[in-house]
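>>> Next come a sequence and a model predicted from it.
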Amino acid sequence: MYQISIIRMEGVDMNFDDIYELLIMYDDLANKEKKEYIPCDFGRCLFCLQDSSSTKFDKSSHAISESIGNKRLFSLRECRTCNTMFGETFENNFGKYVFPFKIISQIYGKKTKLHYKHGTDEIEIKKNSPVLPAYDSDVSALIKTTSDNPILKRTSTGFILTLTRQSYNPEYAYMALLKMAYGIMPSNQLCNFSLGLSYLKAITDATIDDDTKNKILAATTHECFLEFVPGILPLSISSSIYKRKKSADNKYPNFMFVLTFGNFSIQLAIPTDTEIRSVEQKTIICRVHSNLSKIQVQNFHEEESTYSCEFTAELIPIEDTSPLQDIISGEKND
């Protein structure tokens, strides 16, 4: 009952656009001045299937996670109860998973400041004000690190930044991605995903036993791609669904979900009901956004406690450290 197509990773040198065509895309999601609402064409919550006589709807449900900067796209397909429940489970774990990416790309989500602290290491990033105005009014990020095991290590060309995540459930983080994919799926395609939607809801259903939930998670969580694109915010905050072309080999999944934000894209297959019931092996490939991209395979059955990013930078000594005395003394007092 809980079997799903086995997704095998393939080399990333193939041409994604030869296999897939864009079905729908929502771009510029950081623009809160252009709010857009995905309509509820079927009169019921997409996830619990209740209508307005049994549950409440409002305009607060983000179709794409606000944690990666979505201020624009909302859903009228999701009732308030499901929005709250998914937020406390899937969304909370997804937020912990992507937090290092938000630090690297300076994506603020709900806040105007990012703060990271692990042991004596600390990062502070401000959106609307400088952190070192005495040196440069454009400097928005400050990294304080120890010398014995620093989060920031020098290389011959720059630095490697290693960030530690808060403990999270990786399968729940993956379910958050599937929920986003289902949430933006065109209405005329939703008939292909009844089983997957029911699984998503079952995982948060208090009446279903843990053993059954674990079987669902084991069967529906698969590897996907994480793409890192170097540069200063090369990717807009966007969400896209691609559909396999009729001319393409059916060894590829019918639908792919691509989520981009800052320096990152996350790409995964959206299994149809037919694919879930099948034991046929499927192959997924990555839509590469830059010839400088670095592609990793993400296994959401295993928690990744840290994330490391290598970047090019120049080290500039500061001769006058007096404006830093409060920071330095603060470190000594910790």
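Received, thanks. Numbers count the residues shown, from 1 in each chain.

>>> all strands for the stretch 51-200 of the chain, in order.
Under the criterion DSSP state E, counting those that start in this stretch, strands of the stretch 51-200 of the chain are mapped to 73-75, 113-118, 121-126, 141-144, 152-154, 158-164.

>>> closest one to residue 36 among those?
Of all the strands of the stretch 51-200 of the chain, the one in closest proximity to residue 36, counting by C-beta to C-beta, is strand 73-75 (5.5 Å). (Each C-beta comes from the backbone N, C-alpha and C, glycine too.)

>>> about what we covered before: would you reformat the strands of the stretch 51-200 of the chain as a markdown table and include mean neighbour count and mean pLDDT?
Written out in a markdown table, the entries for the strands of the stretch 51-200 of the chain read as follows (neighbours: other C-beta atoms under 10 Å; pLDDT from 0 to 100):
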| stretch | mean neighbour count | mean pLDDT |
| --- | --- | --- |
| strand 73-75 | 23 | 96 |
| strand 113-118 | 14 | 90 |
| strand 121-126 | 18 | 88 |
| strand 141-144 | 16 | 83 |
| strand 152-154 | 13 | 88 |
| strand 158-164 | 17 | 92 |
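
>>> Doesn't residue 241 belong to a strand?
Yes - using DSSP: H, G, I helix; E, B strand; the rest coil, the secondary structure at residue 241 is a strand.

>>> Bridge partners for it, pull those for me.
Listed beta-bridge partners, residue 241: residue 24, residue 257 (assigned using DSSP bridges).

>>> Poorly predicted segments of the stretch 201-334 of the chain, please.
Scanning the stretch 201-334 of the chain with the threshold set as pLDDT under 70 gives 323-334.

>>> Out of the strands of the stretch 51-200 of the chain, flag the one nearest residue 258.
With respect to residue 258, and counting by C-beta to C-beta, the nearest of those is strand 73-75 at 14.7 Å.

>>> What lies in contact with the closest one?
If you take C-beta atoms under 8 Å, 6 or more residues apart in numbering as the criterion, strand 73-75 is touched by 26, 29, 35-38, 46, 59-64, 183-184, 239.

>>> Sort out which of those are buried, if you could.
Burial by neighbour count, judged by 16 or more other C-beta atoms under 10 Å, picks out 26, 29, 38, 46, 61, 62, 63, 64, 183, 184, 239 from the contacts of strand 73-75.

>>> Now do the contacts for the first one.
Under the criterion of C-beta under 8 Å, 6+ apart, the contact partners of residue 26 comprise 36, 63, 64, 72, 73, 184, 238, 239, 240.

>>> residues of stretch 38-47 that come out buried?
Burial within stretch 38-47, assessed by neighbour count using 16+ other C-beta under 10 Å, is assigned to 38, 40, 44, 45, 46, 47.

>>> thought the third one was touching residue 50?
Yes - using C-beta atoms under 8 Å, residue 44 is in contact with residue 50, at 6.3 Å.

>>> Could you report the neighbour count for the residue nearest to residue 112 when sequence neighbours are not counted?
Ranked by C-beta to C-beta, 6 or more residues apart in numbering and with sequence neighbours excluded, the top spatial neighbour of residue 112 is residue 127, at 4.3 Å. Around residue 127 sit 12 other residues, with neighbours defined as other C-beta atoms under 10 Å.
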